[in-house]
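Student: Got a sequence here, can you build the structure:
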Amino acid sequence: MTGECVFSIGTTRFDEHYAPSSTSRGTTNFANLARGEDRRDNLRKAVSMMNTRVNNLVHWDNPRADRYALELDIVSVDLHLGPAADDAVFPVIEVLDVGIVETATGIRTEGIVGNNFSSYIRDYDFSVRLPEHRATGALSDFGELHGQVFQRFIESDEYRKRFSQPPVICISVSTARTYTRLTNNHPILGVEYAADELSLTDLYFGKMGMRARYFMPRGAVAPLAFYHVGDLLNDYSFLALAGTIATMETFQKIYRPEIYNANTAASAVYRPTLDNGDYSLPQVTYDRVERTQLASEQGKFTEVSLMRPYGDVLKQWAAAKQSA
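Tutor: Down below sits the predicted model:
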């Protein structure tokens, strides 16, 4: 059955006109912002925050702080499960592809794909399997199938035809870990932090073939977690890294303002907390309660629509990579 499953990729522009597709995970940052009567204003403000930040980071030869604008595409990945599964199609991954446009010339520079990371199988793992594990204590293979599917995707012809470099995922640091500032200071990524130990999320991304480094960029108030495959500091241009930071720091300011829009910057020894009361709210509407509820619903949807009918097919195909 090896080789019968293939990926297909579609893209949707993320701007003030964006509307989520019927197969887009409802918990994604971009889908959450694009609902309700304030959706257009939400999207416009979020994009404006991103553009302001990228110009703040790439400040050289940029006297009016308006040289660059971000161009964001949502990359939706479907997995076609092949004849053994009656040619079923399931949406497995959504990421963001960030391009940087020079406003005066229209020249577009390729940025980094990845950034925000959305996965139905991850919802299943964390909302269905993890609670079961906490009840029974048996979950030795947590994240392995998801990691195999992700690695099959970035090694696929479909990925390599579209993207020239491996992805970088950028998310919040863990509220369950303590981070210590190091002496390493990158011109764009900023000052590096080290975690006291790996979080569950770090381990989960490890199954995807990615490792974590934590940096607090200039002008930020908390470090971000960067999950990457190759050499984060040397494989990507300053402009590309700035595009990722501007994009994901904006989402985190909106989603986790207690950490990323705090009024006091992270100390040398830092423990992020959502109990922090000293922060500012961005002028953007975000429904965190809905996000939590939808994660559970989407995990159950994945169990019913993918894992029960096609789980064995998926596992055989994904595991073939390990034995090839």
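Student: I figured I171 hits S118, correct?
Tutor: No - applying Cβ atoms under 8 Å, one finds I171 not in contact with S118, separated by 11.1 Å. Yep, even glycine has a C-beta here, placed from its N, CA and C like the rest.
Student: who has more neighbours, those two?
Tutor: S118 (25 against 21; other Cβ atoms under 10 Å).
Student: From L43, how far off is the more buried one?
Tutor: Noted for S118: a distance of 17 Å to L43, by Cβ to Cβ, to the nearest Å.
Student: What of D78?
Tutor: 24 Å.
Student: for T180, same thing?
Tutor: From T180 over to L43 (counting by Cβ to Cβ), the distance is 37 Å.
Student: out of the two, which sits in the busier spot?
Tutor: The residue with more neighbours, out of T180 and L43, is L43; 20 against 14, by other Cβ under 10 Å.
Student: give the contact list for that one.
Tutor: The neighbours of L43, taking Cβ atoms under 8 Å, 6 or more residues apart in numbering as the test, are 14-18, 33-34.
Student: any idea which of those residues is closest to L57?
Tutor: Closest approach to L57 among the contacts of L43 (Cβ to Cβ): F14, at 19.5 Å.
Student: For F226, list each beta-bridge partner.
Tutor: On the basis of DSSP bridges, F226 is bridged to C170, R213.
Student: Wait, it touches C170, no?
Tutor: Yes - in this structure, F226 is within contact of C170 by Cβ under 8 Å, at 5.4 Å.
Student: got any residues that touch both of the two?
Tutor: With Cβ under 8 Å, 6+ apart as the test, F226 and C170 both reach T244.
Student: Now do the strands in this structure.
Tutor: 6-14, 68-80, 89-102, 108-119, 168-172, 179-186, 190-195, 211-216, 224-228, 269-270 (DSSP state E).
Student: Is it possible to get JSON lines of the ones you listed that adds distance to A246?
Tutor: Output for these, formatted as JSON lines (distance: least, Cβ to Cβ, whole Å):
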{"stretch": "strand 6-14", "distance to A246": "13"}
{"stretch": "strand 68-80", "distance to A246": "6"}
{"stretch": "strand 89-102", "distance to A246": "8"}
{"stretch": "strand 108-119", "distance to A246": "10"}
{"stretch": "strand 168-172", "distance to A246": "10"}
{"stretch": "strand 179-186", "distance to A246": "15"}
{"stretch": "strand 190-195", "distance to A246": "13"}
{"stretch": "strand 211-216", "distance to A246": "14"}
{"stretch": "strand 224-228", "distance to A246": "11"}
{"stretch": "strand 269-270", "distance to A246": "22"}
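Student: And these: which comes nearest R162?
Tutor: Short answer: strand 6-14, nearest of the strands of the chain by Cβ to Cβ, at 6.2 Å.
Student: Now find how far off-centre that closest one is within its chain.
Tutor: Mean C-alpha position of strand 6-14 versus that of the full chain (Cα atoms, centre = their mean, to the nearest Å) differs by 15 Å.
Student: and that strand with strand 108-119, angle?
Tutor: 110 degrees (axes from the mean of the first three to the mean of the last three Cα atoms, to 10 degrees).
Student: Strand 6-14 pairs with which strands, parallel or anti?
Tutor: With DSSP bridges as the test, strand 6-14 pairs up with strand 68-80 (antiparallel).
Student: With only the CA atoms kept, save the strand it pairs with in CSV.
Tutor: What follows is strand 68-80 as a C-alpha-only set of coordinates in CSV (Å, rounded to 0.1, in the frame of the first residue of the first chain):
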residue,chain,number,x,y,z
TYR,A,68,8.1,46.4,3.6
ALA,A,69,4.6,44.8,3.7
LEU,A,70,3.8,41.1,4.4
GLU,A,71,2.0,38.9,2.0
LEU,A,72,0.4,35.9,3.8
ASP,A,73,-1.0,32.8,2.2
ILE,A,74,-2.7,30.0,4.2
VAL,A,75,-1.4,26.7,2.9
SER,A,76,-4.0,24.0,3.2
VAL,A,77,-2.8,20.4,2.8
ASP,A,78,-5.1,17.5,2.0
LEU,A,79,-4.1,13.9,2.2
HIS,A,80,-5.6,11.6,-0.4
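Student: mean confidence score for that strand?
Tutor: Averaged across strand 68-80, the pLDDT comes to 94.
Student: where does the stretch 151-300 of the chain have low pLDDT?
Tutor: 286-292 (pLDDT under 70).
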